[in-house]
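> Below are the sequence and a predicted model for it; my questions follow.
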Amino acid sequence: MFWFESIRVGLKGLAIHKVRTALSMTGIVFGVASVVAVVAVAEGGKQEVLRLLETLGAANIVVEAQNFEHDHEKAEAVRRRSKGLTLAEATYLGENLPIFVAYAPMKHLRPYGKPVNVRRKEQSVSNPAVVGTFPSYVEVMGFSLREGRFLDDADERLTRRVCVIEEDVRRELWPTGSALGGQLFIDNEPYQVVGVLEPKHTGEGKFELASDPDFGDGHEEEEADGAKATPQQQETKRRSDVDKLWEKVVDEKELNKRIYIPLACALSRTTQSRTASEIDEVIYRARSVDDLPVAKDLVIRFLTAKHSMSDFEPQDRDFKVQVAMDLIRQTQENQRIFNWVMRATAGISLLVGGIGIMNIMLANVTERRREVGIRRAVGATEGDILRQFIVEAVGICLVGAVIGIVFGYGLSWLVSLLAGYKTAFALWGLFVALIVSFADGLAFGIYPAYKAAKLDPIEALRLE
Amino acid sequence: MPDSPRSSGNGCVIRAREVRKTYESGARKVEALCGVSFEVRAGEFVSIMGASGSGKSTLLHVLGCLHQATSGLYELDGVRVEGLDDVELSRLRNSKIGVVFQQYNLLPNEDIVSNVALPLLYSGIPRGVREARAREILVMLGLGDRLEHKPTELSGGQEQRVSIARALVNNPAIILADEPTGSLDSESGLEVMSVFQSLNKIGKTIIQVTHDRDKADYSKRIIHIRDGTIEAEEAVGNVRQAPGAGVDFSGTSWGD
């Protein structure tokens, strides 16, 4: 008998026992659903890493100043040795190390650690971030402009009051029409908008707190109030905790709400706190990813010597050097652990599903001895019977798989909704689910089918 | 459909020599057949008679290639059966034998056309062809108005006719019937005998197992079995004729 006929006979068998078929399917349904969900979450994570890579730049080194704002002792100890990260140091490294192709120093406008006020007429931006930087910033970060231009050398040299804004800022201040040539006020100083950046892909959801600028306005307001109240609190510990949370929120919001001004403007007008370093951050772009370990080492050695901090532990120094690749590796490691947990879950559900199939198929064979006897008597070979029962087992699994796939996408959607994990549709996940369930049916259907095939036709036909 | 061209030279469809069958149940050996020898020629209608436990069912299972003899020689339509593997035995069952059971043994979830066509499924014949052939035979056996029915919707006599149709669909060399009237009332039983006699008239070889002398008298020869050996063979002197006109199988197209 041909496979085609086997499939027809097998599927007919399934159609006859609808309830049993449905029940025996449930294990597979949930097994496949979890496989699909794993893949969707894993795929989401992968895309997230790629996006992060895109945003941070794979070959970038980020040097951050550490100010120890809330630990006065540490701040004092550090300040006795060095005055923090300076523009001179940043420029020196950027200009003299041939390993770097570009660099951009950055100064965050945050007078006394408080958020800056940005407004146009009566409309102000919630949680904006103002950053002073070099024209090379767009090149280093790989950003592109939606309209207008980025800051240029003349802006920097002449300390022009111009700015480039991000999409969310434009949406809040110029809900309709173009922002180009418009004027906004940064802490009451007028700046002219010369460009609007293309919205970035940010790592929203997965690695930071969930955010949606349109969604969480009321929420932000609340947190802003909380933060304003904070400085009045005198308990350092509590203050630092709240501030940490605040910084996290601010950093998150900053991603799409930045306003870039020439570094010269930022430096000339910043009201510095006594312990703050001159600049907050420098991003260096290395020639290639392979140069990163050497470059990172050079930067650390240079700054350690310059700041006289060779006897300080890395976490106590007033600078921190990070490589995008390191961050990505870390997230990949987290992702890997998560994937294994999910894979184990999926494996166990498929095992349980398979055992369920085997159980039902064994009952099926016992119950249908007579049918086997009849088929054997009129000329079915052992192979024909084997095929028929295997097709039934595999058929149950495949139908279960299709239902499971639907469930699985529902599940991954739920995961992304509740846990904030990014999920993504992956065609290969679909194939994996189908192949795995096919194999499941085969593996767990073979023994019952073999039992059926080996039934003695006479015994099978004998009345119970 | 006279003499089958597949018959061996002397016209024997079945040749059994010293056929033995031993069952092992635990440590005990049970000899169900202890050296049975007989022949059946093409076109015969033979009854095998014996009390229960005499070995007549075992003999039928061996003849039907459902079990292999433990020793001895069995030739079915010119094919030596001993030593064949499962695939070859299945092919023999499929092509040379039609079986009719006391309990009909129809698939309860399939309609009667699919039931009758079942042997052809395992011969690898396309669905359309096998169902057409099944319909033709069912119509001939007077079940033309029941084609879409499931076996459970039929009377016992009708069910047995479906099972006879299934036994015929492959145009087998022999028809083996195991107590074909055992579950039927006397009227339906006579109907079955009438069908068998009609089939025999067109040259079909039929072997029925029965314990009922009355039904054995519809055949032409009786083999008496007792304790696993042939006790006696007799030719039926005055063959009983089933009432009615029987079934007209002339002009059949099956099994060309």
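Cool, the structure landed.
> what's around the residue of chain B at minimum distance from chain A, how many residues?
Residue nearest to chain A within chain B: residue B:94 (2.4 Å; Cβ to the nearest Cβ). Yep, even glycine has a C-beta here, placed from its N, CA and C like the rest. Counted with other Cβ atoms under 10 Å in any protein chain shown, residues neighbouring residue B:94 total 22.
> quick one, what contacts it?
A:378-379, B:119, B:122-123, B:170 (Cβ atoms under 8 Å, 6 or more residues apart in numbering or on different chains).
> For it, what is the enclosing helix or strand?
Using DSSP states H and E, residue B:94 sits within helix B:86-96.
> out of the contacts of residue B:94, who's nearest residue A:7?
Nearest to residue A:7 among these is residue B:122, at 15.0 Å by Cβ to Cβ.
> Test for you: state the pLDDT assigned to residue B:167.
The model reports residue B:167 with a pLDDT of 95.
> Excluding chain neighbours, what is closest to it?
Spatial nearest neighbour of residue B:167, excluding adjacent residues (Cβ to Cβ, 6 or more residues apart in numbering or on different chains): residue B:98 at 2.9 Å.
> partner residues bridging that neighbour?
For residue B:98, the beta-bridge partners under DSSP bridges are residue B:175.
> May I see the buried residues of the helix holding residue B:94?
By 16 or more other Cβ atoms under 10 Å in any protein chain shown, the buried positions in helix B:86-96 come out as B:89-96.
> how far is stretch B:228-244 from where the chain is centred?
Averaging C-alpha positions (Cα atoms, centre = their mean, to the nearest Å) puts stretch B:228-244 16 Å from its chain's average.
> Can you give the contact residues for that stretch?
B:21, B:31-38, B:50, B:54-55, B:58, B:190-191, B:193-194, B:197, B:216-225.
> With pLDDT as extra columns, can I get the buried residues of helix B:86-96 in a markdown table?
Formatted as a markdown table, the buried residues of helix B:86-96 follow (pLDDT from 0 to 100):
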| residue | pLDDT |
| --- | --- |
| B:89 | 94 |
| B:90 | 94 |
| B:91 | 94 |
| B:92 | 94 |
| B:93 | 94 |
| B:94 | 95 |
| B:95 | 94 |
| B:96 | 94 |
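> tell me which of those residues is nearest to residue B:182?
Using Cβ to Cβ, those come closest to residue B:182 at residue B:93, 21.7 Å.
> mind checking how far the closest one is from residue A:380?
Here residue B:93 is placed at a distance of 9 Å from residue A:380 (Cβ to Cβ, to the nearest Å).
> Now do the phi/psi pair for residue B:185.
Taking degrees, to the nearest 10, you get phi -70, psi 170 for the backbone angles of residue B:185.
> what's the spacing between the residue of chain B positioned farthest from its centre and residue B:173?
Farthest-out residue of chain B from its mean C-alpha position, per Cα atoms, centre = their mean: residue B:27, at 33.5 Å. From residue B:27 across to residue B:173, the span is 39 Å (Cβ to Cβ).
> what does residue A:33 give?
Noted for residue A:33: a distance of 55 Å to residue B:173, by Cβ to Cβ.
> More neighbours: which of these two?
More crowded of residue A:33 and residue B:173, by other Cβ under 10 Å: residue A:33, with 25 against 22.
> Which element, helix or strand, includes that one?
Element membership for residue A:33 (DSSP H and E) is helix A:18-56.
> Against which helices or strands is that helix packed?
helix A:324-367, helix A:382-418, helix A:427-453 (3 or more Cβ pairs under 8 Å, 6 or more residues apart in numbering or on different chains; DSSP states H and E).
> So the longest one, near chain B or not?
To tie it back to what came earlier, the one meant is helix A:324-367. No - judged by Cβ under 8 Å from any Cβ of the partner chain, helix A:324-367 stays clear of chain B, getting no closer than 12.0 Å.
> about what we covered before: distance to residue A:131 and mean neighbour count for the helices and strands packed on helix A:18-56 - can I get that in TSV?
Listed next are the helices and strands packed on helix A:18-56 as TSV, based on distance: least, Cβ to Cβ, whole Å; neighbours: other Cβ atoms under 10 Å in any protein chain shown:
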stretch	distance to residue A:131	mean neighbour count
helix A:324-367	18	17
helix A:382-418	31	21
helix A:427-453	40	19
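> Switch those helices over to JSON lines; also include mean pLDDT and distance to residue A:68.
Shown next, in JSON lines, are the helices and strands packed on helix A:18-56 (pLDDT from 0 to 100; distance: least, Cβ to Cβ, whole Å):
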{"stretch": "helix A:324-367", "mean pLDDT": "81", "distance to residue A:68": "22"}
{"stretch": "helix A:382-418", "mean pLDDT": "88", "distance to residue A:68": "37"}
{"stretch": "helix A:427-453", "mean pLDDT": "88", "distance to residue A:68": "46"}
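> how about the nearest residue to the residue of chain B closest to chain A, chain neighbours excluded?
Counting by Cβ to Cβ, 6+ apart, residue A:379 is the residue found nearest to residue B:94 once chain neighbours are left out, at 2.4 Å.
> Look up phi and psi at that neighbour.
Dihedral angles (degrees, to the nearest 10) for residue A:379: phi 120, psi 10.
> In CSV, list the helices and strands packed on helix A:18-56 along with distance to residue A:140.
Below are the helices and strands packed on helix A:18-56 laid out as CSV (distance: least, Cβ to Cβ, whole Å):
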stretch, distance to residue A:140
helix A:324-367, 11
helix A:382-418, 31
helix A:427-453, 35
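> mind checking which of those is nearest residue B:148?
With Cβ to Cβ as the criterion, residue B:148 lies closest to helix A:382-418 of these, at 24.0 Å.
> can you count the residues close to residue 39?
As the question left the chain open, I've gone with chain A. For residue A:39, the number of neighbouring residues by other Cβ under 10 Å comes to 27.
> Switch to chain B, please.
Residue B:39 has 15 neighbouring residues, counting by other Cβ under 10 Å.
> Would you mind confirming that residue B:90 makes contact with residue A:375?
No - checked against Cβ atoms under 8 Å, the pair residue B:90 and residue A:375 is beyond contact range at 9.9 Å.
> Give me the common contacts of those two.
When contacts are counted by Cβ under 8 Å, 6+ apart, residue B:90 and residue A:375 have A:384, B:122 as shared neighbours.
> Quick check: buried residues in stretch B:201-210?
In stretch B:201-210, the ones that count as buried by 16+ other Cβ under 10 Å are B:204-210.
> any chance of the residues you listed in TSV, with pLDDT and distance to residue A:48 too?
TSV is the format used below for the buried residues of stretch B:201-210 (pLDDT from 0 to 100; distance: Cβ to Cβ, whole Å):
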residue	pLDDT	distance to residue A:48
B:204	91	76
B:205	94	77
B:206	95	77
B:207	95	77
B:208	94	77
B:209	93	76
B:210	90	79
